[in-house]
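Peer 1: Model the following, please.
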Amino acid sequence: MGTIYVFLAEGFEEIEAISVIDILRRAGIHTMIISVIESKVVSGAHGIPVVADNLFEETDFADAEMLVLPGGMPGAAGLDAHTGLRSLILKFAEAGKPLAAICAAPMVYGKLGLLKGKKVTCYPGFEKFLEGALLTDEAVVRDGSLITGHGPGVASLFALEIVNFFLGKAKVDELIKSMFITLL
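Peer 2: Below is the predicted model:
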């Protein structure tokens, strides 16, 4: 398996990024943190700085299996404004490769026209950017190779669905047990 790339812009939602990165790495999935700003140190919406593995412009995405966009504002808007990331997302979509986004970040895919006819969820107030999507208020939604999450409180469930997509339910069950995750 290749690499899952998680993208950060200033003002990203920390729990959505870190939970995903942590759980994917616990699952044994090679996961890279990519900064879309000019620094590897990216500050989250709550002032927590995170050191990215690499800068977008210095990364070769040839081994990319999935692109993951955490939400948060203005983080999601920063991802949306990055032309290189938008181009990469479009190439991924054209190739039918998997994409994931949580909270406000599904708007990036929506504004690119990639959610038409897809069942998705997002943080309340961002539905207007999801033109043609089949909106739900479910915690996590998987429609084919697209995974979306509702918001910060479901970040672990969102990450587990990504693990399920690549490694299956047995690995998810193993993580739930080892991490003491209680599913309500």
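
Peer 1: CA atoms for contacts and neighbours, from now on please.
Peer 2: Fine.

Peer 1: List the contacts of residue 35.
Peer 2: Counting by Cα atoms under 8 Å, 6 or more residues apart in numbering, residue 35 makes contact with 7, 8, 9, 41, 42, 52, 53, 54, 55, 56.

Peer 1: buried ones in stretch 163-179?
Peer 2: Neighbour-count burial for stretch 163-179, counted by 16 or more other Cα atoms under 10 Å, picks out 163, 164, 165, 171, 172, 175, 176.

Peer 1: Same list, the residues you listed, but as CSV with distance to residue 102 please.
Peer 2: Conversion of the buried residues of stretch 163-179 to CSV gives the following (distance: Cα to Cα, whole Å):
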residue, distance to residue 102
163, 15
164, 16
165, 16
171, 22
172, 19
175, 20
176, 20
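
Peer 1: and these, which of them are in strands?
Peer 2: Judged by DSSP state E, strands contain none of the buried residues of stretch 163-179.

Peer 1: Pick out the most distant pair among the residues you listed.
Peer 2: The most widely separated members of the buried residues of stretch 163-179, counting by Cα to Cα, are 165 and 176 (15.3 Å).

Peer 1: Low-confidence bits of the protein, can you list those?
Peer 2: Along the chain, segments meeting pLDDT under 70 span 183-184.

Peer 1: so where do the helices sit in it?
Peer 2: Applying DSSP state H to the chain gives helices spanning 14-26, 75-81, 83-94, 106-111, 155-167, 169-179.

Peer 1: in the second one, what counts as buried?
Peer 2: The one in question is helix 75-81. For helix 75-81, the neighbour count (16+ other Cα under 10 Å) marks 75, 76, 77, 78, 79, 80 as buried.

Peer 1: Could you dump the residues you listed into CSV and include distance to residue 118?
Peer 2: Formatted as CSV, the buried residues of helix 75-81 follow (distance: Cα to Cα, whole Å):
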residue, distance to residue 118
75, 23
76, 20
77, 21
78, 24
79, 21
80, 19
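
Peer 1: Could you tell me how many residues sit around the nearest residue to residue 156 once chain neighbours are set aside?
Peer 2: Of all residues not flanking residue 156 in the chain, residue 19 sits nearest, at 5.8 Å (Cα to Cα, 6 or more residues apart in numbering). Residues near residue 19, counting by other Cα atoms under 10 Å, number 19.

Peer 1: do the same with residue 124
Peer 2: A count of nearby residues for residue 124, using other Cα under 10 Å, gives 12.

Peer 1: for residue 130, same thing?
Peer 2: The number of residues packed near residue 130 is 24, by other Cα under 10 Å.

Peer 1: contacting residues for it?
Peer 2: Each residue near residue 130 by Cα under 8 Å, 6+ apart is listed here: 106, 107, 109, 110, 111, 113, 115, 116.

Peer 1: buried subset of those?
Peer 2: 106, 107, 109, 110, 115.

Peer 1: ok, the closest residue to the second one other than its chain neighbours to residue 145 distance?
Peer 2: Right, the one you point to is residue 107. Spatial nearest neighbour of residue 107, chain neighbours left out: residue 129 (5.1 Å); criterion: Cα to Cα, 6+ apart. Relative to residue 145, residue 129 is positioned 20 Å away (Cα to Cα, to the nearest Å).
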